[in-house]
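Novice: Give me coordinates for this.
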Amino acid sequence: MAKKKRRIKEEPKETYEFTPAEFDEREFILKELFNTKLFFFAIILGIMAGMAWAFVYTLGEFTWVIGLIICVLIMAGMKKIMSLFGIKVEMIQGKTMIGNYLMFFLLATGIAILLINAPFYLG
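Specialist: As a prediction, this is how the structure comes out:
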């Protein structure tokens, strides 16, 4: 018996051309400058809050909790503080603010720890 020929029709291969979206370089640069301004604002605020935390720590036994509460309150009101300094808070992205909150808190904690130890605090 003869075998039947398999008739396989090859379908034409689909071609895909990648067309990148339009890139606005000026908008990108302005957005990155804005994010950098926010970052430096969080750094300056973190340094000041860390110094306040260290000062409050030197006042008594369990006053470190008061310093921690001060830092958390500053962190909670950071958007309002930024709006007082003329920063447009409606342009801030959520992930950018999370990074700024973390940077603020870690920097405030680090500055406070640095200032309450030996070379700076001799109490």
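Novice: Nearest residue to the spatially most central residue of the chain in space, ignoring adjacent ones along the chain?
Specialist: For the chain, the residue nearest the mean C-alpha position is residue 99 (1.6 Å; CA atoms, centre = their mean). The shortest distance from residue 99 to any non-neighbouring residue, by CB to CB, 6 or more residues apart in numbering, is to residue 39 (7.6 Å). For every residue, glycine as well, the C-beta is placed using N, CA and C.
Novice: and the gap between residue 74 and residue 97?
Specialist: According to CB to CB, to the nearest Å, residue 74 stands 14 Å off from residue 97.
Novice: Between the two ends of stretch 20-27, how far is it?
Specialist: 17 Å (CA to CA, to the nearest Å).
Novice: I would like the residues contacting it, please.
Specialist: Outside stretch 20-27, no residue is within contact range by CB atoms under 8 Å, 6 or more residues apart in numbering.
Novice: mind starting the numbering at 47 from now?
Specialist: Sure, I'll start counting at 47 from here, so that last one is stretch 66-73.
Novice: can you give me the mean pLDDT across that stretch?
Specialist: In this model, stretch 66-73 has an average pLDDT of 89.
Novice: Please determine how far residue 103 is located from residue 150.
Specialist: Taken as CB to CB, the span from residue 103 to residue 150 is 18 Å.
Novice: Please identify the helix or strand for residue 73.
Specialist: Assigned by DSSP states H and E, residue 73 belongs to helix 71-103.
Novice: who does the following helix or strand past that helix touch, helix- and strand-wise?
Specialist: Next helix or strand after helix 71-103 toward the C-terminus (DSSP H and E): helix 110-122. Helices and strands touching helix 110-122, by 3 or more CB pairs under 8 Å, 6 or more residues apart in numbering; DSSP states H and E, are helix 71-103, helix 140-161.
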